[in-house]
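Asker: just need the structure, nothing else, for what follows:
(2 chains)
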Amino acid sequence: MASVSEMYDVGWEEMRDKLRKWREDNFRNSEQIVDVGEELISEHGSKLGDDIWIIYEQVMIAALDCSRDDLALTCLQELRKQFPDSHRVKRLSASAFKSSTARKRKISILKAQGKSTEAIRELNEYLEQFVGDQEAWHELSELYINEHDYGKAAFCLEELMMTNPHNHLYCEQYAEVKYTQGGLENLELSRKYFAQALRLNNRNMRALFGLYMSASHIAASPKVSAKVKKDNMKYASWAASQINRAYKLAGRGTKENKCSVKAVEEMLESMQITMS
Amino acid sequence: MPIQLTSQAYCKMLLHAAKYPHCAVNGLLVAEKTKDKKKDSHSEPVLCVDCVPLFHGTLALAPMLEVALTLIDTWCKENNYVIAGYYQANERTKDSRLNQVAEKVAARISENFSESAIVMVDSSRLTMSCFEPIVLIYDHHENKWKSREVTVDSFEDWSEAQKITSALLENRCYENLIDFDNHLDDLRNDWTNPVINKSVLDLC
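Answerer: Numbering: from 1, shown residues only, chains lettered A, B, ... in the order given. Predicted structure coming up:
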């Protein structure tokens, strides 16, 4: 695997400055910090002078975030050697020992016992520390959905979309949550995010159906202007033709799917009637 | 008023729960549409001839559920069926209580079918032998859902249902069960499950 300096054509000073900028701006890009920091320490540690200690601290926190317990421990050991009586280092080591695996196990047990409220609380505490753990954010969003707390589920998905802007699944799930929350504003948001998911992956059938449903509902709402109604009918129409096309493509050659194709056509027709 | 389950409906519900043991699953029950509405027809049980597995995992989101209900409703009309009930198996296997999702979907179904029922599958009692029925059936009485005692009469033919379900579970046929989620992942997946329906017919 290519090194960071090779991939981005940067020297060690730029890497060091980048780390400083991320520290000062309180960036949570843990995976990047780990990549840059690990290489900087191992290849150019001797050139860093006293900066190395704050870099060890920064990398350790990021490493814990990414479940890189090995790296976190290495950084911690260096810090302890250098600052044996430091309170700051002691606090860091406390957070390292509350290792991510033990926390996760506890959360799984709470879930299995049906203690959703406690699981949610623990997961929230976990995420305060391990803010980059995507799986955990996703798990939390599902817990919130099951408790019908759609607002908080949306927040979790927003986090995921921010750190994974190219992931069509998060976009589509966010759109589904907004749709479920209901109301015109949420419907319009959901339509936008279904459309975005389709841009990222034009084969996402849920996004296509979602676009059709949300646009149809907006067009049918008595509260919208004539222009909004017209626009949404266009979106819905486009989505309907895409859905039909997808079913025809899938149904080629199999007679079982004929009834699916027909059912979809009829469903779309009947909905168009209620819209107009 | 009370519903009755055919072997096909019962075994497909259990196959769905068996395919996703760590998830909540749900689906719709369909019955044949009767032409006449006799006054004393409320004493005749509603025979649920088939079920359509819907989703696994997160059940509490609206858009795909709406799509499924509309699509399956259209399919029902083509085949002279009507959506007559809803089934659900909860994620934590020890919990077979009725929840908000079940009530909401059943309310939607009740708009078109007044005698709809909710069937909760108790997956903690799911075994290969299927020696006892593992469903709880709820009817709507006075604005509340009340559970009814499940007896052999809740099935068209319990011993046949037991025999078929057990055979299909042992042959791991649940691996081929298609639900609406699978269909959305790949449109070629057929949620009417013709392959499993044929297996059921062969075993009758």
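
Asker: run a quick neighbour tally on residue B:190.
Answerer: 17 (other CB atoms under 10 Å in any protein chain shown). The way it works is simple: take the backbone N, C-alpha and C, and place the C-beta from them, glycine included.

Asker: that one contacts residue B:183, correct?
Answerer: Yes. Applying CB atoms under 8 Å, one finds residue B:190 in contact with residue B:183, separated by 7.3 Å.

Asker: can you tell me which helix in the chain is longest?
Answerer: Just so you know, I chose chain A. Counting residues, the longest helix found in chain A (DSSP state H) is helix A:226-251.

Asker: chain B is the one I meant
Answerer: The helix spanning the most residues in chain B, taking DSSP H as the definition, is helix B:62-78.

Asker: how about that helix against chain A, any contact?
Answerer: Yes. Under the criterion of CB under 8 Å from any CB of the partner chain, chain A is reached by helix B:62-78 at B:62-64, B:66-67, B:70-75, B:77-78.

Asker: most surrounded residue in the residues you listed?
Answerer: Among the residues of helix B:62-78 next to chain A, residue B:63 has the most neighbours (other CB under 10 Å), with 25 neighbours.

Asker: quick one, grab the pLDDT at that residue.
Answerer: Note for residue B:63: predicted pLDDT of 95.

Asker: spit out the contact partners of it.
Answerer: Residues in contact with residue B:63, defined by CB atoms under 8 Å, 6 or more residues apart in numbering or on different chains, are A:175, A:176, A:179, A:180, A:190, A:206, A:209, A:210, A:213, A:214.

Asker: regarding the last one, what is its secondary structure?
Answerer: The reference is to residue A:214. Classification of residue A:214 using DSSP: H, G, I helix; E, B strand; the rest coil returns helix.

Asker: per-residue confidence, it, what does it come out as?
Answerer: Reported pLDDT for residue A:214: 96.

Asker: and for the fourth one?
Answerer: On the pLDDT scale, residue A:180 is placed at 96.

Asker: what does residue B:193 show for phi and psi?
Answerer: Main-chain torsions, residue B:193, degrees, to the nearest 10: phi 50, psi 60.

Asker: I'd guessed it sits against residue B:178; true?
Answerer: Yes. Counting by CB under 8 Å, residue B:193 touches residue B:178, with 5.6 Å between them.

Asker: please enumerate the shared neighbours of the two.
Answerer: With CB under 8 Å, 6+ apart, residue B:193 and residue B:178 have common neighbours residue B:53.

Asker: the two: which is more packed in?
Answerer: residue B:193 (25 against 22).

Asker: so who does that one touch?
Answerer: B:12, B:53, B:177, B:178 are the contacts of residue B:193 under CB under 8 Å, 6+ apart.

Asker: residue B:195 sits in which helix or strand?
Answerer: Using DSSP states H and E, residue B:195 maps to helix B:194-203.

Asker: on the pLDDT front, check residue 66 for me.
Answerer: Since you didn't name a chain, this refers to chain A. pLDDT recorded at residue A:66 is 80.

Asker: not quite, go with chain B.
Answerer: Taking residue B:66 on its own, its pLDDT is 93.

Asker: same check on residue A:95?
Answerer: pLDDT at residue A:95 comes out at 71.

Asker: make sure it is actually in contact with residue A:64.
Answerer: Yes. With contact defined as CB under 8 Å, residue A:95 reaches residue A:64; the gap is 6.8 Å.

Asker: thinking again about what came up before, CSV please, covering the residues of helix B:62-78 next to chain A and showing distance to residue B:111.
Answerer: Formatted as CSV, these follow (distance: CB to CB, whole Å):
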residue, distance to residue B:111
B:62, 16
B:63, 19
B:64, 19
B:66, 13
B:67, 17
B:70, 13
B:71, 17
B:72, 15
B:73, 11
B:74, 16
B:75, 18
B:77, 15
B:78, 20
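
Asker: and of those residues, the nearest to residue A:121?
Answerer: Checking these against residue A:121 with CB to CB, the nearest one is residue B:62 at 26.7 Å.

Asker: counting neighbours, what do you get for the nearest residue to the closest one once chain neighbours are set aside?
Answerer: Of all residues not flanking residue B:62 in the chain, residue A:180 sits nearest, at 4.2 Å (CB to CB, 6 or more residues apart in numbering or on different chains). As a burial measure, residue A:180 scores 20 neighbours (other CB under 10 Å).

Asker: buried set for stretch A:129-145?
Answerer: For stretch A:129-145, the neighbour count (16 or more other CB atoms under 10 Å in any protein chain shown) marks A:130-133, A:136-145 as buried.

Asker: now do stretch A:211-230
Answerer: Judged by neighbour count using 16+ other CB under 10 Å, the buried positions of stretch A:211-230 are A:211, A:212, A:213, A:214, A:215, A:216, A:217, A:218, A:219, A:220, A:224, A:229.

Asker: show me what from the stretch 51-200 of chain A comes close to chain B.
Answerer: Taking CB under 8 Å from any CB as the contact definition, the stretch 51-200 of chain A meets chain B at A:111-114, A:142, A:145-146, A:148, A:175-177, A:179-180, A:182, A:190.

Asker: same thing but 7 Å
Answerer: Within the stretch 51-200 of chain A, the positions near chain B by CB under 7 Å from any CB of the partner chain are A:112, A:114, A:142, A:145, A:146, A:148, A:176, A:177, A:179, A:180.

Asker: show me the contacts for the third one.
Answerer: Shown in contact with residue A:142 (CB atoms under 7 Å, 6 or more residues apart in numbering or on different chains): residue B:58.

Asker: show me the shaky parts of chain A.
Answerer: Scanning chain A for pLDDT under 70 picks out A:1, A:96-100, A:252-261, A:263, A:267, A:270-276.

Asker: could you find the closest non-adjacent residue to the residue of it found nearest chain B?
Answerer: Going by CB to the nearest CB, chain B is nearest to residue A:250 of chain A, at 3.6 Å. Distances taken as CB to CB, 6+ apart place residue B:187 nearest to residue A:250, at 3.6 Å, with adjacent residues excluded.

Asker: again with residue B:90
Answerer: Distances taken as CB to CB, 6+ apart put residue B:24 closest to residue B:90, at 5.2 Å, once the chain neighbours are dropped.

Asker: backbone phi and psi for the closest residue to chain A within chain B, please?
Answerer: Nearest to chain A, among the residues of chain B, is residue B:187, at 3.6 Å (CB to the nearest CB). Main-chain torsions, residue B:187, degrees, to the nearest 10: phi -60, psi -20.
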